[in-house]
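**Student:** predicted model and sequence below, questions to follow.
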Amino acid sequence: MFDGVLSLDVLSGPLPMAVYGAAAAILIALLLQRPTPRRMLRLALAAIAGVVAAVIVWLVCVRWLNLFGESLGMGNYLWIAAASCGVALCAVSIGRRPRWRTVVAIAGIPVFAAAATLGINANYGLDRTVGGLLAIAVPKPVALTPPTSADRHYDTELWKHWTPPGDMPAHGEVGTVRIPPTRSGFAAREAGLYLPPAARVKHPPVLPLIVMMMGQPGSPDPTFIAEALDRFSATHHGLAPIVIVPDQLGDPTHDTLCRDTRRFGNVETYITQDVSAWAERNLTVTHDHRFWTVAGYSNGGLCALSFGIDRPDLFANVLDISGEEYSGAEHPDATLRDEFGGDAVAYDRSKPFNRLRSFAHPGTTAIFTACADDPAYHRVAVRAAQLARAAGINTAFVDIPKGGHGAGALNGGLDGGLPYLYPLLGLEAPR
């Protein structure tokens, strides 16, 4: 039952409609009263207090502390203002007659907060369920048959030779797996896993691998890339890479900097050693790392580029979707102090843009995507593509007209980036 609650859709369907409906009903109940000068004054004070509270939240969280690294956008500010005004209205209604008004006002405080939370979450569109919104994963174990030594040879022209067998399903499978932090000791949450249709047959072919990381805050949710690859596999005879979505955060509030640190643990070792070793032991994926891709969105995009630069022997391909510019970009002063001991030279040396200037590995392909209406991240992606080309990397930049820095950017980046990968991975005729 608990898993059923965590799986409820928070973007559409009965739950958000019920919350929005309850908020509207409470608002109407508290406003429907005979107007008197005193009551109108209370309502005016509640509205002013709500707007002031929203402005204070904006000043402290966005302008001063820069908790989000960017503007939240007018839609989200309106939700914050609406919730603040609603809570203020509840506050001035408590203790007023008739008694039911107090009960409704007390109930209205969490309802208004919940409605604003759902509205803001819907603007981003990244967390689709109650569990995703609360950063609680619902385990969905996947039955895996460990590959044999004969399952390591990869047909680099799989697109030409593969014929789908009769037992191939129409869609891939999504689930969760526990990847032990054998070498890193990193406290990761369960990883997401996507098996394309071709991997779900009795005798599956060896397939390429994508290691995909999500943003921060966030969870290792394979839904978005699974849906994108299901669309691609439908036009490629069921062929798509197998995907692991590991947890590079450990905790949704942690920015682990895509590095091994004392504070957050050995996340780089976890991704590049524990996850890769687990994949080779447990999945029917090629051991030829020319057909491995490291991908990521936002914070995960930064990690993808970082790991691609550090380990070109492990990941020959990088897909960076609206990636951050460098570790701790939202709080550079605190990162410099806390993680680099004030050593500005070491901090600069760790930044991917600076590392690209000395990168030399012609076998690497890097694909960068960003939305034109997300100017800060768009600028980062354009500059990253320029530096990658200058380093001799096979580079592509996908300019997405609209999508912001939420689900639109992620879906657009996947739909725009995967067509470049398919020929490189042997899943489509070379261009």
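**Tutor:** Good, I have the coordinates.
**Student:** okay, strands next: where are they in the stretch 301-431 of the chain?
**Tutor:** Assigned by DSSP state E, counting those that start in this stretch, the strands in the stretch 301-431 of the chain fall at 317-321, 365-371, 394-400.
**Student:** okay if I get those as CSV plus mean neighbour count, distance to residue 110 and mean pLDDT?
**Tutor:** Glycine gets a C-beta too; all of them are placed from N, C-alpha and C. Rendered in CSV, the data for the strands of the stretch 301-431 of the chain read as follows (neighbours: other Cβ atoms under 10 Å; distance: least, Cβ to Cβ, whole Å; pLDDT from 0 to 100):
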stretch, mean neighbour count, distance to residue 110, mean pLDDT
strand 317-321, 31, 35, 98
strand 365-371, 27, 34, 98
strand 394-400, 19, 37, 97
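**Student:** make a markdown table out of the ones you listed and add distance to residue 186.
**Tutor:** Output for those, formatted as a markdown table (distance: least, Cβ to Cβ, whole Å):
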| stretch | distance to residue 186 |
| --- | --- |
| strand 317-321 | 21 |
| strand 365-371 | 25 |
| strand 394-400 | 31 |
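**Student:** looking at those, which is closest to residue 252?
**Tutor:** strand 317-321 (18.6 Å; Cβ to Cβ).
**Student:** thinking again about what came up before, and residue 28, which of the strands of the stretch 301-431 of the chain is closest to it?
**Tutor:** Residue 28 lies closest to strand 365-371 among the strands of the stretch 301-431 of the chain, at 37.7 Å (Cβ to Cβ).
**Student:** could you check the angle that closest one makes with strand 394-400?
**Tutor:** Using axes from the mean of the first three to the mean of the last three Cα atoms, to 10 degrees, the direction of strand 365-371 lies 10 degrees away from that of strand 394-400.
**Student:** give me the residues contacting strand 365-371.
**Tutor:** If you take Cβ atoms under 8 Å, 6 or more residues apart in numbering as the criterion, strand 365-371 is touched by 305, 308, 316-323, 377-378, 380-382, 384-385, 388, 393-405, 408-409, 412-413, 416-417, 420-421, 424.
**Student:** again, 6 Å this time
**Tutor:** 317-322, 377-378, 381, 384-385, 388, 393-398, 400, 403-404, 409, 413, 416-417, 420, 424 (Cβ atoms under 6 Å, 6 or more residues apart in numbering).
**Student:** what mean pLDDT does stretch 92-103 get?
**Tutor:** Stretch 92-103 comes out with an average pLDDT of 89.
**Student:** how far does it stretch from start to finish?
**Tutor:** End-to-end distance for stretch 92-103: 13 Å, by Cα to Cα, to the nearest Å.
**Student:** my guess is residue 226 meets residue 195, correct?
**Tutor:** No: in this structure residue 226 lies outside contact range of residue 195 using Cβ atoms under 6 Å: 9.1 Å.
**Student:** for the nearest residue to residue 218 once chain neighbours are set aside, give its distance to residue 131.
**Tutor:** Once flanking residues are discounted, residue 218 sits nearest to residue 252: 6.2 Å by Cβ to Cβ, 6 or more residues apart in numbering. Here the distance between residue 252 and residue 131 works out to 12 Å (Cβ to Cβ, to the nearest Å).
**Student:** what does residue 403 give?
**Tutor:** For residue 403 relative to residue 131 (Cβ to Cβ), the value is 24 Å.
**Student:** next: residue 358.
**Tutor:** Distance from residue 358 to residue 131, by Cβ to Cβ: 43 Å.
**Student:** compare those two (neighbour count), which wins?
**Tutor:** residue 131 (20 against 9; other Cβ atoms under 10 Å).
**Student:** residue contacts, that one?
**Tutor:** 6, 138.
**Student:** buried residues, whatever helix or strand residue 40 lives in. List them.
**Tutor:** Using DSSP states H and E, the element containing residue 40 is helix 37-57. Within helix 37-57, the residues scored as buried using 16 or more other Cβ atoms under 10 Å are 42, 43, 46, 49, 50, 53, 54, 57.
**Student:** mean confidence (pLDDT) on it, please.
**Tutor:** 89.
**Student:** that helix: what's the following helix or strand?
**Tutor:** Next helix or strand after helix 37-57 toward the C-terminus (DSSP H and E): helix 74-93.
**Student:** who are the packing partners of that following helix?
**Tutor:** With contacts taken as 3 or more Cβ pairs under 6 Å, 6 or more residues apart in numbering; DSSP states H and E, helix 74-93 sits against helix 37-57, helix 99-124.
**Student:** can you redo those helices as CSV with distance to residue 287?
**Tutor:** CSV is the format used below for the helices and strands packed on helix 74-93 (distance: least, Cβ to Cβ, whole Å):
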stretch, distance to residue 287
helix 37-57, 51
helix 99-124, 37
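**Student:** between those, which gets nearest to residue 22?
**Tutor:** Among the helices and strands packed on helix 74-93, the nearest to residue 22 by Cβ to Cβ is helix 99-124 (5.1 Å).
**Student:** what angle do the closest one and helix 74-93 make?
**Tutor:** 170 degrees.
**Student:** which parts of helix 99-124 are buried?
**Tutor:** 101, 104-105, 108-109, 111-112, 114-116, 118-124.
**Student:** counting by contacts, list what that helix packs against.
**Tutor:** Applying 3+ Cβ pairs under 6 Å, 6+ apart, one finds that helix 99-124 contacts helix 14-31, helix 74-93.
**Student:** mind listing what's buried along the first one?
**Tutor:** Think helix 14-31. Buried positions in helix 14-31, judged by neighbour count with 16+ other Cβ under 10 Å: 15, 16, 19, 22, 23, 26, 27, 29, 30.
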